[in-house]
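Enquirer: here is my input; please provide its structure:
(chains A, B and C)
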Amino acid sequence: MPQPKTISVLKKRSEFLAVAAHRKRWVSAGFIVQIAPRDGALSPSIAYGLTASKKMVSSLAVDRNRARRRLRALAQTFLPALGLAHANYVFLAKKDILTLPYETLRCDFEKALGRLKV
RNA sequence: CCAGACAGCCGGAUGGCCGCUGCCUGCCCCCUUGCGGGGGUGGGGAGAGGAAAGUCCGGGCUCCAGACGAAACGAUGCCGGAUAACGUCCGGCGAGGGCGACCUUAGGGAAAGUGCCACAGAAAACAAACCGCCUGCCCUUACAAAAGGGUCAGGUAAGGGUGAAAAGGUGCGGUAAGAGCGCACCGCGUUUUUGGUAACAAAAACGGCACGGAAAACCCCAUCGGGAGCAAGACCGCAUAGGAACCGCACGUUCCCUUGCAAAAGGGAGCGCCGUUCUUCGUCACGGCACGCAGGUUCGGGUUGGUUGCUUGAGGUGCUUGGCAACAGGCACCCUAGAUGAAUGGUCAUCCCUUAUCGCAAGAUAAGGACAAAACCCGGCUUAUAGGCUGUCUGGCCUU
RNA sequence: UGGGGCGUCGCCAAGCGGUAAGGCAGUGGAUUUUGAUUCCACCAUGCGGAGGUUCGAUCCCUCCCGCCCCAA
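Expert: Next up is the predicted model:
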């Protein structure tokens, strides 16, 4: 729940590529999670990035924005408690994230984070 | 009440919990001489659209380019007005559609020129004779008349058939048969007059039909247009390097002045050459005529961070004045998103609406909530759009 | 942001004002004992969609839809 700032956001293209190159991921119905180790010296020990592409989600900007917001809501709420320290996460949205109930997404989120190790 | 036309508006509502991005602000800490900056933690307030879309036009703004003109290229195209501008809007005109309210309209020029009009048809554009009709001549029956005929000579655009289109239409006269050959009306053209700013309309006279379509075929005429775009542009930081290769250079000439004995040097003017603007050309302007600096092209290498531009603007709302209107003027009030792997939300509840099922009904349950999200900013156009509301008008039916 | 191009049968495609070539594939038949090859025949509710110009549009014009490429 509301904690002092313990997570930050990935913004650079090179950071996204580094996480993808680590090749560890978990696939669920609504999204895909990728994980990579994070430099321990950086002050927030967890960081995440979001991707909603035209190919995987929808060609409409409205749908892509909604998919990204649902993912961001999940990450902001549960990642500080469930995420591993010194890790970078990247979430890729899939088309079904627009229609799945929130409760299902929450269960998938917990399961995916439990399975992934650096 | 039904059907319809036009104009305008809305684009789910309220609340709880948890968040995001700017702005204002209280407190604490750190850096700084100071201005100020950074971090933490509270509070307040703001936060997608009518199309934000497609990127089809027009501008503002910014940078680049020495000025102007012509050609080329592109766009527009009835008339008048509005506007910063437009291919937009408003008001008219003409043409077409609808019983009507109203709607549609790329609508300059075809006697400046070139080209096109397939098939069919005799003929498709300085018209033309296939059938037919008529006259003459000739032949035959049977001398003439009449009828029939002809590898004959003419006349004829009334009739036939073809075609999208056949060279004014209808009627009367006229004729060998016909024909604007003549006349009346209609159409067309020219001229004049009247009304109108104009497009155009109306009337009169004359002409006697001359002028087919098509310019969304080329084209001509008129008007407009310099190019690129906020990834424009500016600043800071970082990094690399002070790279490599190649290209080009007119080495002019005449006169005058100054210094000098002279050689020569400096300055000025003319001609010539070279360079400088956007595809080309021209006129003018500016600069140059040097063995040394600068220039151009290509290759190689580095950065793809931050700040700014960035939201006060042809701005909104209300009242009012002018105008048929688009719109313009005046006064008052208001400040209403500024993100950049890109905020403006997630979730829950109640209500509203729609659909489905159950039910006589009240109602219950379930599913769902149109299109579509700013990316420098405006004015338009086009396209998408569930459901709903308001006003004016038209046609029909019923009742009084 | 700016610029350019393409949609024609299941596939590859020509045509670019006058009734839509051709090849591959498919279907049927002939040849063959059978198959391949070869030969013959058949195969497009109308050229991505909607309007307009024209007598007539795949072609010309306008607006949409889908796809691709280039520059920064």
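
Enquirer: contacts, neighbours, all on C-alpha from now
Expert: OK.

Enquirer: quick one: A:Val62 from RNA strand B, how far?
Expert: Distance check for A:Val62 against RNA strand B: by CA to the nearest atom of the strand, to the nearest Å, it reads 4 Å.

Enquirer: now that residue: which helix or strand?
Expert: helix A:61-82 (DSSP states H and E).

Enquirer: what does that helix contact?
Expert: Helix A:61-82 has contacts (CA atoms under 8 Å, 6 or more residues apart in numbering) with A:1, A:3, A:6-7, A:46, A:48, A:50-54, A:57-58, A:91, A:93, A:97-98, A:106, A:109-110, A:113-114.

Enquirer: now the buried members of those.
Expert: A:7, A:46, A:48, A:50-53, A:57-58, A:91, A:93, A:97-98, A:109, A:113 (16 or more other CA atoms under 10 Å).
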